[in-house]
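# model the structure of this input:
(one chain, ligands or ions: 1)
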Amino acid sequence: MTEAKRQDQQATHKVDVLIVGASLAAAAAAKRLVDAGLETLIVEKRELPRHKICSGILSPRGYRFLIENFGPLPRQALHDPTWCRGVTFHFPSMVSMSMDFFGGTTPHLHRKYSDYWAIQRSGARVMDQTSFVSLVDSGDGVSVKIRPQGGEDQWVQARFVIGADGPSSPVLRSVYPNYPKQIPWFFVGQKFHEIIECPLDEDYFHFWFHPQLGHYTWSHARDGKQIVGVGFKRGDSFHKRHEFVQQYLEDKHGVKLKPAGADHEGCAENFGPSLINRYVFGQGNVLITGQATGFLNMIGEGMSCALHSGAISGESIIEALRLNRPVQELYRKMIASEVKRTTDQWNPLKIAFAKPHEADFPKALMALSWGDRYNVLRDIWRFVVLYKEFKWGRQIAARSMERWLYGNYQDHRWL
Ligand SMILES: Cc1cc2nc3c(=O)[nH]c(=O)nc-3n(C[C@H](O)[C@H](O)[C@H](O)COP(=O)(O)OP(=O)(O)OC[C@H]3O[C@@H](n4cnc5c(N)ncnc54)[C@H](O)[C@@H]3O)c2cc1C
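Sure, this is the predicted structure:
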């Protein structure tokens, strides 16, 4: 008897699709699959509703997706301030540019509750406190080992598996064990401060394009406090970087904050693959979606592309069954729109002259003096090529230009 056959006979659950992770990409995929009548099981390693480190500023496109697919948001799914008007970019030259989102304000999501709400509304069956462990794809279906907390390992037999399990995706690692060694990993951490005085407009998410401050520096209001967040590399001290940024905000922007409480938090992030137009879509009957795929833009916005790519992964499975075609072939075609959108959001040329983000950067840029326009474009370029230390410098420049001139996004497949 083959190993796959033995696991099939042992299977505790038989489903059409198993989704790993109970977040936004998972909710969107599940919604499509359940609506098409496919038996869908979601496994989530944490207890639901679970905490998720995130600023929670959903782009207008993501907001539309939530409303259209899951209905109006419950109040519990929002932090205070409940809405965000747009983004303010700050530059080393001390130029600050505020840009309102197209189409009005967007919600400030409380991820613990918004994700759980979306998952429940997808209609899928959910097993929380249950971790994905490993999988074997026999070609006809996938045998997946899952581990309920405190229980015995179980086997799920699924026709397809979707890895919607976030940046460090165990599903991706099980398909491509070497992948994590091939990309740079960044860490982000945030602290919560009581406010003494804060001139930063609380209606906006604030982001610093400042190489000296690091790859990712942000601040915004939440539930009466001010969040100060920093990105840093392995080996850097989160506390030192945070202290540096807090001092910078005080010196340059007059932000006076009390020392942070003990409730700081952080995680590893796969920033960068989308910068050079490289994504991982999976193999055989296993699809990778959401941030696990590499969908994350320059200012760390990943919810809207998680929702859309998740939905596309579900649609690809439905199409594969309908047309009796290999699912990877369809997924890679259908996901092209998300690839283009996310890659463009890193492209300095697109940012300066088109509108890849959902706010009017060109208009805000044109409102500046000639000197400030030059400073801003130079500062953005310097920020993007910070990633050159990962030997990507030439690729960034060449590929940005190529995509701008020829609209060529065909080099998007990493694995
Ligand atoms: C500090 C910070 C701020 C951010 N701010 C914003 C923002 O303002 N706007 C925005 O759009 N994006 C923001 N993002 C990015 C956004 O949070 C992510 O891009 C988005 O959540 C990705 O969604 P996802 O569904 O792909 O995966 P995730 O939300 O990462 O969810 C993955 C799920 O899989 C589960 N899981 C992992 N391993 C297993 C396993 N072995 N078995 C079972 N389950 C497993 C996890 O517990 C989790 O629930 C921010 C991220 C960070 C870190």
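# ok, now which ones touch the most centrally placed residue in the chain?
Central residue of the chain (Cα atoms, centre = their mean): G302, 2.7 Å from the mean position. G302 is in contact with G290, Q291, F295, L296, counting by Cβ atoms under 8 Å, 6 or more residues apart in numbering. C-beta: built from backbone N, CA, C; applies to glycine.
# need phi/psi at the residue in the stretch 301-415 of the chain positioned nearest to the ligand.
Residue nearest to the ligand within the stretch 301-415 of the chain (Cβ to the nearest ligand atom): G302, separated by 2.0 Å. Here is the backbone geometry of G302 (degrees, to the nearest 10): phi -130, psi 0.
# among the contacts of G302, who's most crowded?
Among the contacts of G302, the one with the most neighbours (other Cβ atoms under 10 Å) is G290, at 31 neighbours.
# confidence score at the nearest residue to L296 once chain neighbours are set aside?
Using Cβ to Cβ, 6 or more residues apart in numbering and skipping residues adjacent in sequence, the residue nearest L296 is G302, 4.3 Å away. pLDDT, G302: 96.
# am I right that I380 is in contact with N347?
No - the pair I380 / N347 is not scored as a contact, 10.4 Å apart, by Cβ atoms under 8 Å.
# between the two, which has more neighbouring residues?
A direct count of neighbours by other Cβ under 10 Å for I380 and N347 places N347 higher, at 22 against 19.
# pretty sure that one sits against H357.
No - taking Cβ under 8 Å as the definition, N347 is not a contact partner of H357, at 10.8 Å.
# between the two, what contacts are shared?
Common neighbours of N347 and H357 (Cβ under 8 Å, 6+ apart) do not exist.
# what stretches of the chain score poorly on pLDDT?
Under the criterion pLDDT under 70, the flagged ranges of the chain are 1-9, 385-415.
# around the ligand, pick out the residues from it.
Residues of the chain lying close to the ligand (Cβ under 6 Å from any ligand atom) are 20-26, 43-46, 50, 52-58, 131-132, 164-166, 170, 188, 190, 229, 267, 269, 290-292, 296, 300-304, 306.
# which stretches of the stretch 151-300 of the chain form helices?
Along the stretch 151-300 of the chain, counting by DSSP state H, counting those that start in this stretch, helices occupy 170-175, 179-182, 238-253.
# for the stretch 301-415 of the chain, same thing?
Using DSSP H, counting those that start in this stretch, helices in the stretch 301-415 of the chain cover 303-323, 327-334, 336-344, 348-353, 361-366, 370-384, 393-406.
# out of those helices, which is the most enclosed?
Sort the helices of the stretch 301-415 of the chain by mean neighbour count, taking mean count of other Cβ atoms under 10 Å, and helix 303-323 sits at the top with a mean of 24.
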